[in-house]
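[1] Sequence and predicted structure, then a few things I'm wondering about:
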Amino acid sequence: MENSIPPALLQLLKKHRYHLVGKHSAVKRCKWLYEALIHDRSCYKQKFYGIKSHQCIQMTPSLFYCTQQCLFCWRAQSGDLQAKWNEMELPNWDDAEEIARESLKAQAKILTGYNGHPKTSWKKFTEALKPKHVAISLAGEPTLYAHLRELIHTFHHKGFTTFLVSNGTMPSKLAELNEEPTQLYISVCAPNENVFKHVCRPQVPNAWAKLNETLDLLPSFGCPTVTRMTLVKGHNMEFADGYAELVGKAEPTYIEAKAYMHVGFSGLRLDYSNMPSHEEVYDFARCLAERTGYYVIDEAPESRVVLLSKRRKPTSFETH
Ligand code: SF4
Ligand code: SF4
């Protein structure tokens, strides 16, 4: 790992079961991998889009680096727990092929923990050994990684589908993705610049303008696009008109309205009471539907998420 990353942070991340990959990437077991293998449950993305939770790798190529310090973020940010580093002092980037290869190895290592577990579904475990999807989303801003298009290409070449989650502050990097992810997420967690500054705490100049530039760019993508709103009670659930205006620019295929979850390092910045209930998320989604003409087409109360779409039915990426 890079010298500028405090060793105490690396220890902490290992304790939190991040599998560090190369200098700046990581794979982490999603709780839904566990739920799928042990309790036969699945995440809302399986329900909405057919992405099988037990065949999904949750990873990031940019673990320590981000253009924002969102209040609701579950990652460890510089300043949390006295560990400090410059989140915009970018490293010498690892090769995309190497990151993909090592991420697959990390996932295989994670899976060994389920081999022999008395409650593991053997059928699902066997399928999990052949993952099919990569969520490039775990933590950090992936568009900071210089070889992102090669990484997406490498995963696709190996037969994976990819969901890419970006905060939208690097429109030029998204514009140059000549290989699009299978589905592109842009986080839209504020209805206006004031709330944006308070909730997303940008670390780069003109971040709000950059996000808006990304939203303007979104209709040019061929893949399904999503604007994801992480809703934090008491912070960013007002001004539905502002959100509707942003949706109007981006014309996303889907909108995911999702409750902030009081997990990971976000507990250092927010309180349990900042998690809206599913009903509150649903009310927000209904308000947005009225203002945008989108339909509320699905929901997953256990994850407090509501799906809106221009289409009546989402595209399924289910593979066999
Ligand atoms: S799609 Fe997301 S929530 Fe679902 S299993 Fe993959 S990482 Fe977890
Ligand atoms: S943009 Fe994403 S990774 Fe960066 S601070 Fe916000 S939630 Fe965390």
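    Good, I have the coordinates. Ligands and ions are numbered 1, 2, ... in the order given.
[2] Could you give the number of residues near Ala135?
    Neighbours of Ala135 under the rule other CB atoms under 10 Å: 21. All C-beta atoms are positioned from the backbone trio N, CA, C, and that covers glycine.
[3] what bridges to it?
    Beta-bridge partners for Ala135, by DSSP bridges, are Gln58, Phe163.
[4] Looks like it contacts Gln55 (just checking).
    No: contact status for Ala135 versus Gln55: not in contact, 11.2 Å apart, counting by CB atoms under 8 Å.
[5] Tell me where the stretch 51-200 of the chain has strands.
    Secondary structure of the stretch 51-200 of the chain (DSSP state E, counting those that start in this stretch): strands located at 56-60, 133-136, 161-166, 183-187.
[6] just the stretch 201-320 of the chain next, same as before
    Using DSSP E, counting those that start in this stretch, the strands of the stretch 201-320 of the chain run over 225-231, 254-259, 295-300, 305-309.
[7] so what secondary structure elements neighbour the shortest one?
    In terms of contacts (3 or more CB pairs under 8 Å, 6 or more residues apart in numbering; DSSP states H and E), strand 305-309 is packed against helix 44-49, strand 254-259, helix 278-292, strand 295-300.
[8] If you count neighbours, what's buried in stretch 171-178?
    Buried residues in stretch 171-178, counting neighbours by 16 or more other CB atoms under 10 Å, are found at Pro171, Lys173, Leu174, Leu177.
[9] coming back round to it: single out the most deeply packed of the helices and strands packed on strand 305-309.
    Most buried of the helices and strands packed on strand 305-309, by mean neighbour count (mean count of other CB atoms under 10 Å): strand 254-259, with a mean of 25.
[10] Quick check: which helices or strands does that strand pack against?
    strand 225-231, helix 278-292, strand 305-309.
[11] Other residues contacting the shortest one?
    Think strand 305-309. For strand 305-309, contacts defined as CB atoms under 8 Å, 6 or more residues apart in numbering pick out 44, 48, 253-259, 281-282, 284-285, 288-289, 292, 294-299, 314.
[12] what distance separates it from the middle of the whole chain?
    Offset of strand 305-309 from its chain centre (CA atoms, centre = their mean, to the nearest Å): 16 Å.
[13] In its sheet, which strands sit next to it, and in what direction?
    Partners of strand 305-309 in its sheet, by DSSP bridges: strand 254-259 (antiparallel), strand 295-300 (antiparallel).
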